[in-house]
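Novice: Okay, structure incoming, though there's no sequence with it:
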């Protein structure tokens with residue numbers, strides 16, 4: 001083997017050229033520790049490689065959190081499971097791993113009145129899934145329906161729906177607020193049908209399935225949409241008093257709480 005000429009002065013430039021920013025930032029500290037502790041070359045190289053991989057994973061998660069458009073401050077740690085006793089914390093944490101349902105294109109449906117915590121738990125699950133390496137998009141159902149309707153008008157609906165395939169989970173918040181309009185609800189149905197058994201949906205709704213005729217004006221479309229959503233789905237029914245109201249009361253001083261209870 002021919003002798004290799006090493007110019008350590010060029011190392012920062014080489015690492016920059018190779019796009020290894022973590023190694024470029026930390027190699028001197030790691031090299032000093034390796035010299036002090038007498039590491040073999042392979043341990044030194046492995047340590048640098050692990051740092052670079054960890055840094056890339058961190059940056060990837062940061063990018064995916066930005067693209068997910070999740071509402072801020074919604075985490076599993078900040079959710080009061082005691083306020084929603086029918087919601088199993090163990091079950092939610094199991095779903096947060098993602099590996100038991102996202103790979104199968106299964107769905108998660110959350111029902112409950114306004115303020116019951118549906119959007120909070122949905123966003124919190126979405127954040128944890130991103131941190132576990134999945135790609136998620138959070139959107140108000142009305143917003144995504146309007147975007148897809150605009151794509152249909154420009155004859156780009158199929159490519160627009162196909163682009164959403166890059167997300168392991170599409171989180172549609174407040175599906176009950178979609179207007180009862182044939183053109184808009186038909187693009188929602190096409191989105192549901194396109195992802196069926198391939199990519200997962202998480203949907204929050206104020207109304208049970210029996211009232212979904214208010215979402216889909218065509219009865220046959222209502223039945224077909226529900227059938228596709230529930231075929232491979234976990235369903236949470238969160239029929240409790242407003243989570244937001246109880247949380248707000250809990251934050252008030254005790255004297256104010258007594259006043260609020262007396263006037264309720």
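Specialist: Yep, it's here. Since we're looking at a predicted model, the values are computed, not measured. Residues are numbered from 1 along each chain as shown.
Novice: least trustworthy helix or strand in this protein by mean pLDDT?
Specialist: Ranked by mean pLDDT, DSSP states H and E, the helix or strand of the chain with the weakest confidence is helix 254-263, at a mean of 47.
Novice: List the backbone torsions phi and psi for residue 188.
Specialist: Dihedral pair for residue 188: phi -60, psi -40, per degrees, to the nearest 10.
Novice: Helix, strand or coil: sort out the residue nearest to it when sequence neighbours are not counted for me.
Specialist: Excluding the flanking residues, the one nearest residue 188 by CB to CB, 6 or more residues apart in numbering is residue 145, at 5.2 Å. The C-beta positions use only the backbone N, C-alpha and C, and glycine is treated the same way. Here residue 145 is recorded as helix under DSSP: H, G, I helix; E, B strand; the rest coil.
Novice: for residue 225, same thing?
Specialist: What three-state DSSP gives for residue 225 is helix.
Novice: secondary structure element for residue 235?
Specialist: Under the criterion of DSSP states H and E, residue 235 resides in strand 233-237.
Novice: Show me what the mean pLDDT comes to for that strand.
Specialist: Averaging pLDDT along strand 233-237 gives 94.
Novice: What are the buried residues along that strand?
Specialist: Under the neighbour-count criterion of 16 or more other CB atoms under 10 Å, strand 233-237 has 233-234, 236 buried.
Novice: Report all helices and strands that it contacts.
Specialist: On a contact count with 3 or more CB pairs under 8 Å, 6 or more residues apart in numbering; DSSP states H and E, strand 233-237 meets strand 107-111.
Novice: Tell me the strands beside the strand it packs on, with direction?
Specialist: When pairing is defined by DSSP bridges, strand 107-111 lines up against strand 200-205 (parallel), strand 233-237 (parallel).
Novice: Check which element follows it along the chain.
Specialist: That would be, after strand 107-111 and using DSSP H and E, helix 118-131.
Novice: name the helices or strands packed onto that following helix?
Specialist: helix 41-68, helix 89-96, strand 107-111, strand 136-140, strand 169-173, strand 200-205.
Novice: switch the cut-off to 6 Å
Specialist: Secondary-structure packing of helix 118-131 (3 or more CB pairs under 6 Å, 6 or more residues apart in numbering; DSSP states H and E): helix 41-68, strand 136-140, strand 169-173, strand 200-205.
Novice: still on that earlier bit, output the buried residues of strand 233-237 in CSV; the columns should cover distance to residue 95.
Specialist: CSV is the format used below for the buried residues of strand 233-237 (distance: CB to CB, whole Å):
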residue, distance to residue 95
233, 12
234, 7
236, 10
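Novice: for the stretch 151-264 of the chain, which spans come out with low pLDDT?
Specialist: Along the stretch 151-264 of the chain, segments meeting pLDDT under 70 span 179-180, 241-264.
Novice: Kindly report the same for the stretch 1-150 of the chain.
Specialist: Scanning the stretch 1-150 of the chain for pLDDT under 70 picks out 1-7.
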